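Engineer: give me the fold of what follows.
(one chain, ligands or ions: 1)
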Amino acid sequence: MFHVKHRVIIIGSGPAGYTAAIYLGRAGFNPLLITGALAPGGQLVNTTEVENFPGFPEGIMGPDLMDRMKEQAKRFGAEFLADDVVSVEVLPAQGGDKPLYRLTTSDGEQFDTAAVIVATGSNVRKLGVPGEEELSGHGVSYCATCDGFFFRNKPIVVVGGGDSAFEEALFLTRFGSSVTLIHRRDTFRASQIMVDRAKANPKLTLVTNTIVTAIESGTDSPASADAAQSETAGSNAVSPVANALGGGLLANHAGLLAGLSKQPPKHVTGVTLRNTVTGEESNLDCAAVFVAIGHTPATDFAADLVERDDDGYILVDGGSTRTSALGVFAAGDCVDRTYRQAISAAGMGCRAALDAQAYLE
Ligand SMILES: Cc1cc2nc3c(=O)[nH]c(=O)nc-3n(C[C@H](O)[C@H](O)[C@H](O)COP(=O)(O)OP(=O)(O)OC[C@H]3O[C@@H](n4cnc5c(N)ncnc54)[C@H](O)[C@@H]3O)c2cc1C
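Structural biologist: From the prediction side, this is the model:
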């Protein structure tokens, strides 16, 4: 027995999912958005200041931006469920040529629907070394486009050996006084042209056969902290805006708590390195560590539903958001391995909504 309360269900509550919900809500579909159990709001709830989302000339706190997107979707009739989708099953076509889909959540609830938008984003791969978690947003970053700007005239370390790491490193030479790329092997996965470009850049140093074993930190003196933090702390810096806000989601943020208790936040001062051939340990001073060892798209639950590439990114048909499954659309970082920005994810969420709308009508 099939019961379709929502003709379209969106999985994931980042910029892509909420934007799709706004469009489909305004089009009268009252979509259900399954937000994810652990991180409703997506990756931006783990950051503070977002400076590059259009419409906010003063910048906006990441959790605040996501709350606003949610409110906007709610205003147009979207409904929300804080759970994870664990499987999507294809049901036999009901007297037509379009299938139905049955979504099962981790709590065992089931929802039947005619169209699905997968907007489950991706997770950054972490180094897993001491200092990484506590300094995330205080000099440790996973996004050069987002945070490079904060490290003007500071020494920067990039970790990784693929094309993304090289792209990030080259981009960061615009800001940093120096950029050192640390790679664990003696050869790079990156294309030769990227390696050649890096070698030709006088600001960029390549260090091979080396791993980061720890990220070191220091604390500004109270007097210098205010002046220094906007330059040194990165996108999660405890900005004056953050200090003025407090409460809610932000109160969970270590940087904000430090700000509220008038303790200057810790920030990155260097990395401990180990040579993988000789075992020799060394230290390198830096103000920022950009980890560029890849992302893992959150698409395992859809492995049998849609075609994915070898890394798990969902494949879509040309410039559309159509996947290999009729009536299933995908948007945002779970599709896009290149741009990975809030605005590009939101744009794709819009396209998925319009594709789903055209399909349903
Ligand atoms: C620390 C940090 C700072 C950043 N700063 C910026 C910035 O300043 N500017 C910028 O433009 N971009 C920034 N980005 C990148 C930006 O956050 C992402 O590009 C954007 O969030 C991608 O949006 P999305 O909707 O595709 O997915 P996400 O934001 O990743 O959201 C995916 C959602 O899907 C949910 N989900 C996952 N699996 C399931 C499941 N099985 N069932 C249900 N729900 C599920 C998750 O809980 C999450 O809510 C930053 C990223 C990070 C990590």
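
Engineer: what does the stretch 201-350 of the chain put close to the ligand?
Structural biologist: For the stretch 201-350 of the chain, the residues found near the ligand under the criterion Cβ under 6 Å from any ligand atom are 235, 298, 301, 332, 333, 340, 341, 342, 343, 345. Yep, even glycine has a C-beta here, placed from its N, CA and C like the rest.

Engineer: contacts only, for the closest residue to the ligand within the stretch 151-300 of the chain.
Structural biologist: Using Cβ to the nearest ligand atom, the closest approach of the stretch 151-300 of the chain to the ligand is made by residue 298 at 3.9 Å. With contacts defined as Cβ atoms under 8 Å, 6 or more residues apart in numbering, residue 298 is in contact with 12, 120, 121, 122, 123, 334.

Engineer: switch the cut-off to 7 Å
Structural biologist: 120, 121, 122, 123, 334 (Cβ atoms under 7 Å, 6 or more residues apart in numbering).

Engineer: tell me how far the third one lies from the ligand.
Structural biologist: If you measure residue 122 against the ligand using Cβ to the nearest ligand atom, to the nearest Å, the figure is 6 Å.

Engineer: from residue 311, how far out is that residue?
Structural biologist: Residue 122 sits 10 Å away from residue 311, going by Cβ to Cβ, to the nearest Å.

Engineer: isn't residue 4 right next to residue 110, touching?
Structural biologist: No: taking contacts as Cβ atoms under 7 Å, residue 4 lies outside contact range of residue 110: 11.8 Å.

Engineer: that older thread, any of the residues of the stretch 201-350 of the chain next to the ligand buried? List them.
Structural biologist: Buried by 16 or more other Cβ atoms under 10 Å: 235, 298, 301, 332, 333, 340, 341, 342, 345, out of these.

Engineer: residue 4 and residue 110: who's more crowded?
Structural biologist: Of the pair residue 4 and residue 110, residue 4 is the one with more neighbours under other Cβ atoms under 10 Å, namely 14 against 11.

Engineer: could you find the closest non-adjacent residue to residue 153?
Structural biologist: For residue 153, the nearest residue in space outside its immediate sequence neighbours is residue 177; the separation is 4.9 Å by Cβ to Cβ, 6 or more residues apart in numbering.

Engineer: so that neighbour touches residue 154, yeah?
Structural biologist: Yes: assessed by Cβ under 7 Å, residue 177 is found in contact with residue 154 at 6.0 Å.

Engineer: which residues touch the spatially most central residue of the chain?
Structural biologist: Nearest to the mean C-alpha position of the chain, by Cα atoms, centre = their mean, lies residue 43 at 4.5 Å. Residues in contact with residue 43 (Cβ under 7 Å, 6+ apart) are 14, 121.

Engineer: and it, how close does it get to the ligand?
Structural biologist: 3 Å.

Engineer: what does residue 133 give?
Structural biologist: 12 Å.

Engineer: host element of that residue?
Structural biologist: Using DSSP states H and E, residue 133 falls within no helix or strand.

Engineer: please report phi then psi for it.
Structural biologist: Note on residue 133: backbone dihedrals following degrees, to the nearest 10 are phi -60, psi -50.

Engineer: please name the nearest non-neighbouring residue to it.
Structural biologist: Nearest residue to residue 133 in three dimensions, chain neighbours excluded: residue 126, at 7.9 Å (Cβ to Cβ, 6+ apart).

Engineer: what's the burial count for the one you found?
Structural biologist: Residues lying near residue 126 (other Cβ under 10 Å) number 13.

Engineer: for the protein, what are the low-confidence residue spans?
Structural biologist: Across the chain, residues meeting the criterion (pLDDT under 70) sit at 1-2, 93-95, 220-264.

Engineer: and it, split by domain according to the record?
Structural biologist: 8-123+295-360, 126-291 (automatic domain parsing).

Engineer: how far off centre is the shortest one?
Structural biologist: The gap between the average C-alpha position of domain 126-291 and the chain average comes to 16 Å, counting by Cα atoms, centre = their mean, to the nearest Å.

Engineer: okay, now it: how far is its last residue from its first?
Structural biologist: 7 Å (Cα to Cα, to the nearest Å).

Engineer: any idea how far the residue of the stretch 201-350 of the chain found nearest the ligand lies from residue 51?
Structural biologist: Among the residues of the stretch 201-350 of the chain, residue 332 lies closest to the ligand, at 2.3 Å counting by Cβ to the nearest ligand atom. For residue 332, the distance to residue 51 (Cβ to Cβ) stands at 20 Å.

Engineer: same question, residue 306
Structural biologist: Residue 306 is 34 Å from residue 51, by Cβ to Cβ.

Engineer: of the two, who's got more company?
Structural biologist: Between residue 306 and residue 51, counting by other Cβ under 10 Å, residue 306 is the more crowded of the two (20 against 15).

Engineer: and that one, that's in a strand?
Structural biologist: No: counting by DSSP: H, G, I helix; E, B strand; the rest coil, residue 306 is not part of a strand but coil.

Engineer: so where do the helices sit in the stretch 151-300 of the chain?
Structural biologist: Secondary structure of the stretch 151-300 of the chain (DSSP state H, counting those that start in this stretch): helices located at 163-172, 192-200, 222-232, 240-245, 254-260.

Engineer: stretch 147-158 and the ligand in contact?
Structural biologist: No: judged by Cβ under 6 Å from any ligand atom, stretch 147-158 makes no contact with the ligand; its nearest approach is 7.1 Å.

Engineer: could you dump that stretch to CSV, C-alpha only?
Structural biologist: Output of stretch 147-158 as CSV, limited to C-alpha atoms (Å, rounded to 0.1, in the frame of the first residue of the first chain):
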residue,chain,number,x,y,z
ASP,A,147,39.6,31.4,4.3
GLY,A,148,42.7,32.3,2.3
PHE,A,149,41.8,36.0,2.6
PHE,A,150,42.3,35.9,6.4
PHE,A,151,46.0,35.0,6.1
ARG,A,152,47.4,37.9,4.2
ASN,A,153,51.2,38.1,4.6
LYS,A,154,51.3,35.1,6.9
PRO,A,155,53.2,31.8,6.3
ILE,A,156,50.8,29.1,5.2
VAL,A,157,51.0,25.3,5.1
VAL,A,158,48.9,23.2,2.7
